[in-house]
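**Q** sequence first, predicted coordinates after that:
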Amino acid sequence: MTRVPLKLINRLGLHARAASKLVQAASAYRSQLWLEHKGRRVNAKSIMGVLLLAAPCGSDLTLEASGPDETEAANAIARLVAERFGEDE
Amino acid sequence: MSLALTGIGVTSGIALGKVHRLTPGELSLPEYYLNADAVEGETERLRRAASRGQRFLTSVSERIGESGNETARELLQAHRLILRDPMLIEASCERIEQDRINAEWALAQQSEQLQDAFRRLDDDYLAQRREDLEQVVQLIQRELADQPAAVLGSQIPHRLEDTVLVAVELSPADLTILSQRRVAGLITEHGGPWSHVAILARSLEIPMVVGVHHAIELLEEGESVVLDGHYGAVLVNPDDSLERHYAEKQAASQRHRVELRQYLSRPCRTIDKQKFEILGNAELPIEFERCVDAGVSGIGLMRTEYLFLDEQMPDEQAQFRAYRKAVQILDGRPVTIRTLDAGGDKLPSALALTRGPNPALGLRGLRLSLSVTDLFCQQLRAILRASTEGPVRILLPMLTSVDEVAQARQLIAQCRESLRNEGLNLDPDLPIGGMIETPAAALNAEEMAAELDFLSIGTNDLIQYVLAIDRQDELVSHLYDPTQPGVIELLERITAAGRRHERPVTVCGELAGDERAARLLLGLGLRQFSMPPARVAAVKKSLIEADSRACRDIVTRFRADAAWRRSHRLLEELAEHGGKS
């Protein structure tokens, strides 16, 4: 199992497009992926779960990945978050 | 021209809107329980419908092509993500397996739960996602309806916020769909204030007036109406000032509801520092979740009849799953599971042979269970097994004599023994309580309290039997009155018996969920109230602001003073002088 801390630095947090991009990225991997925010834990492949986190900019999240491609998955998602989901600043 | 119709108001809410007359057949999202061997086929049916939906969305987005506008593409993308969201299809499949219900029903329940979560977030953007979810669910329901057995009433407008529906009668399933579509108000020609539909409307807080004769004939499609659920009035084509008056009243009640919610987090203590306890009544998982959200300290009444309403009886495993689910949701808070309370107005078709000439006085409740011990033991074993996952209490319905308690206890002991032989580690002190809802049990409360670990007062049936009134009968339902001296004497008697034997006494009937009656119960010495989640805030406020001594004095005076008894003002008096408000 791989656990990585994530900090949301894009302006809108896990809203709209960011959530959608995250879910699409997560769905490309076979591993199970979980996001945790303020005690709430959701499946990172679930758009509704991710939206329900309602995590704004500045939130600290934890990503948990377990499965055959867990390292790649965790890296890809960490990169997506660090790159502000491709949003402008 | 203005016209006023009257019926029986079942909720206190007000609705303003345009009339839509429901024709039979419009509303038939089918709901049924499955046989064990049909479960797999049903999950498969749902998955197939979802993938047909997925293909449909893909084909639409291909048609839009690269030239299409960005918004449409994003919307379709959102819908596709929702459609393959494990929280939708996979979770619905789990519901099919666990609750053994059909795909349409499981999907509707799952969607309602998700929408509820979105609503709680109170965020405009997410509110929009909730609509997307609704649309996706509609899409799948339509795909499911391709099966000949299933027809979803797609003629009904998708959104009913400004619509007052008029129907001859509605089933609880209909009500669930209409509530999902945010119907403003409901009018039916049939039904009494204590029918299941009315109880459900109250718990969902939908303004509703039942028993409006000839409503379908008298109301025209598209006409404006004001529905006053408190007075049971339907005002047709109201003039401007009347409409304004009601719109203001509605806004005020909306503010009141928001205000009430703040009471959910307050400690349960009256102004004179008496502690009380609020428990929940629930049967379906969504209701258990709502109870937890409302901050209840446990479940005072888990009804189990819904598991049995199918042709085929649920087996032990299916029951176990339903009870375990409740225990898991309650996460350490006790769950009181009532054994099958069939008979009377609800009888599983598989037990139809047990219907006698007068069901209300026939083989029902525990009597029925004791006459079909195989079935009863199956349920007891399922409950006992669920008790290994968290605190569980067994509640026996419709007692008339302590002999029945002894027989039930013996069967419970047998089941416990057999499970222990199978290697299960069971709590030997699992509390066993009884419903006091017949006059015989109430008059014999002293002995009942000695034989049972706790008592639960089912006020609906108790009042019905004491006053000899069928609450479903429109001709006499107005005579249903909890402040009748005979009712109050019995309530007092049960409470006193519980106190003397140091047995907790819970009230789990409708009265416990009525903020005015709750003060009457408080005055009688009761401290545990079990109710549907939607009633918690109002009752809690009433009790937090009550002075238990003042309530007791008012009730004592009422019992002693014949002239005052005739004034019928007990509940008003308790509301005005039983505490702060």
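**A** Happy to help now that I have it.

**Q** in chain A, where is pLDDT below threshold?
**A** A:88-89 (pLDDT under 70).

**Q** residues from it in reach of chain B?
**A** A:15-17, A:20, A:23-24, A:27, A:43, A:45-49, A:51-52, A:54 (CB under 8 Å from any CB of the partner chain). Bear in mind the C-beta positions are built from the backbone N, C-alpha and C, glycine included.

**Q** what helix or strand is the spatially closest residue to residue B:10 that is not a sequence neighbour located in?
**A** Nearest residue to residue B:10, sequence neighbours excluded (CB to CB, 6 or more residues apart in numbering or on different chains): residue B:198, at 3.9 Å. Element membership of residue B:198 [criterion: DSSP states H and E] is helix B:196-204.

**Q** how about residue B:164?
**A** Assigned by DSSP H and E, residue B:164 falls within strand B:163-167.

**Q** run through the neighbouring helices and strands of the next helix or strand after that strand.
**A** Per DSSP H and E, the first helix or strand lying C-terminal to strand B:163-167 is helix B:172-180. Identification of packing neighbours for helix B:172-180 by 3 or more CB pairs under 8 Å, 6 or more residues apart in numbering or on different chains; DSSP states H and E yields helix B:103-121, helix B:196-204.

**Q** next SSE downstream of helix B:172-180?
**A** Note on helix B:172-180: by DSSP H and E, the next helix or strand toward the C-terminus is strand B:185-188.

**Q** name the nearest residue to residue B:13, ignoring sequence neighbours.
**A** residue B:207 is the one closest to residue B:13 (CB to CB, 6+ apart), at 3.5 Å.

**Q** contacting residues for that neighbour?
**A** For residue B:207, the contacting residues are B:11, B:13, B:14, B:15, B:184, B:185, B:186, B:227, B:228, B:229, by CB atoms under 8 Å, 6 or more residues apart in numbering or on different chains.

**Q** of those residues, closest to chain A?
**A** Proximity of the contacts of residue B:207 to chain A, judged by CB to the nearest CB, is greatest for residue B:184, which lies at 26.8 Å.

**Q** wait, that closest one sits on residue B:166?
**A** No - here residue B:184 lies out of contact with residue B:166, judged by CB atoms under 8 Å, at a distance of 11.9 Å.

**Q** between these two, point out the one with more neighbours.
**A** Taking other CB atoms under 10 Å in any protein chain shown, residue B:184 and residue B:166 do not tie; residue B:166 has more neighbours (26 against 23).

**Q** buried sites along stretch B:409-429?
**A** For stretch B:409-429, the neighbour count (16 or more other CB atoms under 10 Å in any protein chain shown) marks B:411, B:412, B:415, B:416, B:419 as buried.

**Q** I'd like those residues as CSV, with pLDDT and secondary structure appended.
**A** Shown next, in CSV, are the buried residues of stretch B:409-429 (pLDDT from 0 to 100; DSSP: H, G, I helix; E, B strand; the rest coil):
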residue, pLDDT, secondary structure
B:411, 97, helix
B:412, 97, helix
B:415, 97, helix
B:416, 96, helix
B:419, 96, helix
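
**Q** where does residue A:63 fall, phi/psi-wise?
**A** Backbone torsions of residue A:63, given as degrees, to the nearest 10, read phi -110, psi 130.

**Q** touching, it and residue A:78? I think so.
**A** Yes - between residue A:63 and residue A:78 there is a contact under CB under 8 Å: 7.0 Å.

**Q** quick check: neighbours shared by those two?
**A** A:4, A:6.

**Q** which one of those two is surrounded by more residues?
**A** residue A:63 (21 against 15).

**Q** once you drop chain neighbours, what's closest to the more buried one?
**A** residue A:4 (5.0 Å).

**Q** A strand includes the one you found, no?
**A** Yes - per DSSP: H, G, I helix; E, B strand; the rest coil, residue A:4 lies within a strand segment.

**Q** can you pull the contacts of it?
**A** By CB under 8 Å, 6+ apart, the residues touching residue A:4 are A:62, A:63, A:65, A:74, A:78.

**Q** and the strands in the stretch 201-350 of chain B?
**A** Assigned by DSSP state E, counting those that start in this stretch, the strands in the stretch 201-350 of chain B fall at B:208-210, B:224-228, B:233-236, B:277-282, B:299-302, B:335-338.

**Q** where does chain A get nearest to chain B, which residue?
**A** Going by CB to the nearest CB, chain B is nearest to residue A:47 of chain A, at 4.1 Å.

**Q** ok so, going back, which one of the helices and strands packed on helix B:172-180 has the lowest average pLDDT?
**A** Note on these: helix B:196-204 shows the lowest mean pLDDT, a mean of 74.

**Q** how far off helix B:172-180 does that helix point, in degrees?
**A** If you take axes from the mean of the first three to the mean of the last three CA atoms, to 10 degrees, helix B:196-204 sits at 30 degrees to helix B:172-180.

**Q** and helix B:196-204, what does it pack against?
**A** Against helix B:196-204 (3+ CB pairs under 8 Å, 6+ apart) you get helix B:172-180, strand B:208-210.

**Q** now it: buried residues?
**A** Using 16+ other CB under 10 Å as the burial criterion, the residues of helix B:196-204 that qualify are B:197, B:198, B:199, B:200, B:201, B:202, B:203, B:204.

**Q** centre of the chain to that helix, how far?
**A** Per CA atoms, centre = their mean, to the nearest Å, the displacement of helix B:196-204 from the mean C-alpha position of its chain is 7 Å.

**Q** the strand ranked longest in chain B pairs with which strands, parallel or anti?
**A** Counting by DSSP state E, the longest strand found in chain B is strand B:14-21. Neighbouring strands of strand B:14-21 in its sheet, by DSSP bridges, are strand B:163-167 (parallel), strand B:224-228 (antiparallel).

**Q** residue ranges for the strands of the stretch 451-581 of chain B, please.
**A** Secondary structure of the stretch 451-581 of chain B (DSSP E, counting those that start in this stretch): strands at B:454-457, B:505-507, B:528-531.

**Q** show me what contacts the closest residue to residue B:428 other than its chain neighbours?
**A** In space, and not counting its chain neighbours, residue B:428 is closest to residue B:416: 7.5 Å by CB to CB, 6+ apart. By CB under 8 Å, 6+ apart, the contact set of residue B:416 is B:384, B:426, B:428, B:430.

**Q** those residues in helices, which ones?
**A** Of those, the ones assigned to helices by DSSP state H are residue B:384.

**Q** any chance of the strands of the stretch 451-581 of chain B in CSV, plus mean neighbour count, distance to chain A and mean pLDDT?
**A** Formatted as CSV, those follow (neighbours: other CB atoms under 10 Å in any protein chain shown; distance: least, CB to the nearest CB, whole Å; pLDDT from 0 to 100):
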stretch, mean neighbour count, distance to chain A, mean pLDDT
strand B:454-457, 26, 34, 98
strand B:505-507, 28, 32, 98
strand B:528-531, 27, 28, 97
